[in-house]
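S.K.: only geometry, no sequence info:
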């Protein structure tokens, strides 16, 4: 068992603050259970619920935390292992021993918890459930599973958004392992290899570091497919290989890094020109990041840099700022600049992407491309975000827009046609917002 990464005092303070924010009723922070892969005894790798891990710190299936918001009293519920379990799994800490590790004084069985939920069904705050098993459980004992607590959800988002010094240490561990993964891939990749060989190499490094991948690795010579998890292609001399992959530390904190490089040779002039536009967009934004500014503003900044660069290459035309305002740049940059990152690679998105990334002052755009921006609201000191601009040449999208005659005043479709086989380039780093600006986490990763 991985020990909780922080002291019992840290978890006690988190629970106390949460109870104060919620104010009344019972607060249920549900943990995850094992999930069968194809039969009950053959399970997917266990991943603890991130909210449970934030407030209870224990990476073990079948546990739940219940707090009385008025008194602050917390109870850890779970089932101690039977002798049969111990034969197969070895001796493990009891529920009471686990509770002591994170400063919880009261324990109970799953049956005790079910009974308490039934008796207090109208006064239980819970978070949006994202697993079917949890939905069914809430439905059975509360009579509903579609009424998550807004006050609890908002309180959790407010707390988890701002990272402590200890959390930053854990995130840098994850980023540095991610660095080792990317550097190993850059050194190993060569013509004739399968993408799968590189994917296996980097996943092995994540496991060797005591953790795992934070999300399924994107390792692809078809970088224009934004979330391409197909690793069956053979690498060829001169291919651009896009790798979007990050490690999850033993503590659960994630890294999320993207690099794009050329197989077997230096980039040609055309590849280098596009690469440098993406690099300028990323580094310009990182230099300018500071608290109090809308992240939507930085998305637009990166988009304008991309539009200007593509105009210099003859692929776009007209005024770059007008092109971005109209959405013409999204042919080449059809996703958002970045998102929150922490215990989840897309941090807290189980709680609602708009609740995490937007607020009453900033609403999500409905414009193609910008609509996929996961974080638009003002940055705060302590946020950790990704900055990940890209340029992609997506044949199906190019054909559709040209057929529809979209943005002909901003896009030279004849020039763009010569890039149909180009693929895509993305560069991504993880960045802490500080009082005066920002800091890229981890040791530098080659570009």
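M.R.: Thanks, I have it. Worth saying up front: this structure is predicted, and the values here are computed from it rather than measured.
S.K.: could you pull out the helices for the stretch 1-150 of the chain?
M.R.: 8-22, 50-56, 83-89, 95-101, 110-119, 132-142, 150-161 (DSSP state H, counting those that start in this stretch).
S.K.: next structured bit after the helix or strand that contains residue 204?
M.R.: Element membership for residue 204, per DSSP states H and E: helix 195-208. Sequence order places strand 212-213 as the next helix or strand after helix 195-208, per DSSP H and E.
S.K.: State the mean pLDDT of that following strand.
M.R.: Mean pLDDT, computed over strand 212-213, is 98.
S.K.: same deal with stretch 362-374?
M.R.: 97.
S.K.: partners of residue 261 in the sheet?
M.R.: For residue 261, the beta-bridge partners are residue 241 (DSSP bridges).
S.K.: State the distance from it to residue 183.
M.R.: Distance of residue 261 to residue 183, computed by Cβ to Cβ, to the nearest Å: 11 Å. Backbone N, C-alpha and C define where each C-beta goes, glycine included.
S.K.: Of those two, which one has the most company?
M.R.: Between residue 261 and residue 183, counted using other Cβ atoms under 10 Å, the more crowded position is residue 261 (20 against 16).
S.K.: dump the residue contacts of the more buried one.
M.R.: 186, 189, 240, 241 (Cβ atoms under 8 Å, 6 or more residues apart in numbering).
S.K.: Count residues in the vicinity of the closest residue to residue 344 other than its chain neighbours, would you?
M.R.: Leaving out its chain neighbours, the residue that sits closest to residue 344 by Cβ to Cβ, 6 or more residues apart in numbering is residue 50, at 5.2 Å. Neighbour count of residue 50, defined by other Cβ under 10 Å: 21.
S.K.: For residue 386, see how far away residue 50 is.
M.R.: Residue 50 is 17 Å from residue 386, by Cβ to Cβ.
S.K.: before we move on, what about residue 9?
M.R.: 31 Å.
S.K.: More neighbours: which of those two?
M.R.: Set residue 9 next to residue 386 and count neighbours by other Cβ under 10 Å: residue 386 wins out with 24 against 10.
S.K.: so what's the backbone phi/psi at the more buried one?
M.R.: Residue 386 has phi and psi values of phi -100, psi 150 when expressed as degrees, to the nearest 10.
S.K.: Just confirm it contacts residue 426, I think it does.
M.R.: No. With contacts counted by Cβ atoms under 8 Å, residue 386 stays clear of residue 426, the gap being 10.6 Å.
S.K.: one step back: which of the helices of the stretch 1-150 of the chain sits closest to residue 255?
M.R.: Among the helices of the stretch 1-150 of the chain, helix 50-56 comes nearest to residue 255, with 15.0 Å by Cβ to Cβ.
S.K.: before we move on, the earlier item: can you tell me which two in the contacts of residue 261 are farthest apart?
M.R.: So, the contacts of residue 261 by Cβ to Cβ: farthest apart are 186 and 240, at 12.6 Å.
S.K.: Which one's more surrounded, those two?
M.R.: Neighbour totals were compared for residue 186 and residue 240, and residue 240 leads with 22 against 15 (other Cβ under 10 Å).
S.K.: now that we're looking at that one, how far away is residue 428 from it?
M.R.: 15 Å.
S.K.: again, but for residue 378
M.R.: Between residue 378 and residue 428 the computed distance is 22 Å (Cβ to Cβ).
S.K.: quick one, which of these two is more surrounded?
M.R.: residue 428 (22 against 15).
S.K.: Residue 159 contacts residue 18, doesn't it?
M.R.: Yes. Counting by Cβ under 8 Å, residue 18 is a contact partner of residue 159 at 6.6 Å.
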